[in-house]
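In: Sequence and computational prediction follow.
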Amino acid sequence: MTTPVASLSQDELKTLVGQAALKYVVAGSIVGVGTGSTVNKFIDELATIKDQIPGAVSSSVASTERLKALGIKVFDANEVDSLAVYIDGADEIDGKGHMVKGGGAALTREKIVAALAERFVCIADESKRVDVLGNFPLPVEVIPMAAAQIARRFEAMGGNAQIRMKDGGPLVTDNGQHILDVRNLKIADPLAFESDVNQWPGVVTVGVFAHQKAAVCLLGTAQGVQTLE
Ligand code: 5RP
């Protein structure tokens, strides 16, 4: 079901899906919150109903700071047994709800919080919708001493892996690790790929979310918000 809208910028599409995600928040329940520019829109909307929820479990330092600044209580993931819903963006999403995530380097905590949730609601603008995952460089969080050998394994698969840099040095994640961004992959079987790479020594988290795919995707399009289930 779509609602026609005038031509909107990518930022406006993110606002639209951030707003649309509010209806998936369960009153009285702690909500799982992802990371990124689209989620920031959702967090701003969440602040308008903060009195209806106990708070949130956050997937990054950045989201935690934004939630707290808006007066939303942040719970440690260890304090909750389960979440009704986890709301997060994606760098790519295919027709089955499989995603590539980690453009904001928060993939490990995102997977941890998503694993607590009964339902993953993905919010994204239409540029993120793909048929086959792999156009976006695949983020992989790695233990630094294993980075070169993991990069070689990707190269043997035809990929090209580079350490993500920031301020002249390797980017350090919220978990104190590094990120490899892997180009030139076509991830035809996301479930098998995720299972395989997860086994490699030194891989903390691979940015394919297939085992924890989106149950719902709210996609911001020129025609309005499309709900893909
Ligand atoms: C962060 C993520 C984000 O969800 C993903 O990068 C999308 O971000 P944005 O909404 O800014 O496009 O996985 O690690």
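Out: Arrived safely, thanks for sending.
In: Kindly state the beta-bridge partners for the closest residue to Ile93 other than its chain neighbours.
Out: Computed as C-beta to C-beta, 6 or more residues apart in numbering, the closest residue to Ile93 that is not its neighbour in sequence is Met99, at 4.8 Å. From N, CA and C alone the C-beta is placed, and that goes for glycine too. Met99 forms beta bridges with Ile93, Phe209, as assigned by DSSP bridges.
In: contacting residues for Met99?
Out: Residues near Met99 by C-beta atoms under 8 Å, 6 or more residues apart in numbering: Ala90, Asp91, Glu92, Ile93, Cys122, Leu133, Val208, Phe209, Ala210, Lys213, Ala214.
In: CA atoms of stretch 49-56 as PDB?
Out: Extracted C-alpha coordinates of stretch 49-56, given in PDB (Å, rounded to 0.1, in the frame of the first residue of the first chain):
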ATOM      1  CA  ILE A  49       6.200   9.000  22.300                       C
ATOM      2  CA  LYS A  50       8.900   8.500  24.900                       C
ATOM      3  CA  ASP A  51       6.300   8.500  27.700                       C
ATOM      4  CA  GLN A  52       4.800   5.400  26.200                       C
ATOM      5  CA  ILE A  53       7.900   3.200  26.400                       C
ATOM      6  CA  PRO A  54      10.300   2.300  29.300                       C
ATOM      7  CA  GLY A  55      13.200   3.100  27.000                       C
ATOM      8  CA  ALA A  56      15.500   1.500  24.400                       C
END
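In: re the thing from before, of the contacts of Met99, which are in range of the ligand?
Out: Restricting the contacts of Met99 to those within reach of the ligand (C-beta under 6 Å from any ligand atom) leaves Ala90, Asp91.
In: Now Ala105: which helix or strand?
Out: According to DSSP states H and E, Ala105 maps onto no helix or strand at all.
In: How many neighbouring residues does it have?
Out: Per other C-beta atoms under 10 Å, the neighbour tally for Ala105 reads 25.
In: same check, this time on Glu126
Out: That count, for Glu126 with other C-beta under 10 Å as the rule, works out to 14.
In: I'd say it and Leu218 touch.
Out: No - look at Glu126 against Leu218 with C-beta atoms under 8 Å: they stay out of range, at 10.9 Å.
In: how many neighbours does the residue lying closest to Lys14 once chain neighbours are set aside have?
Out: Excluding the flanking residues, the one nearest Lys14 by C-beta to C-beta, 6+ apart is Thr38, at 4.4 Å. By the criterion of other C-beta under 10 Å, Thr38 has 29 neighbours.
In: what comes up buried for the helix or strand where Thr38 lies?
Out: Using DSSP H and E, Thr38 sits within helix 37-46. Judged by neighbour count (16 or more other C-beta atoms under 10 Å), helix 37-46 contains these buried residues: Thr38, Val39, Asn40, Lys41, Phe42, Ile43, Glu45, Leu46.
In: again, but for stretch 74-91
Out: Neighbour-count burial for stretch 74-91 [16+ other C-beta under 10 Å]: Val74, Val80, Leu83, Ala84, Val85, Tyr86, Ile87, Asp88, Gly89, Ala90, Asp91.
In: Just the pLDDT for the fifth one.
Out: The pLDDT attached to Val85 in the predicted structure is 98.
In: Nice, that's everything, thank you.
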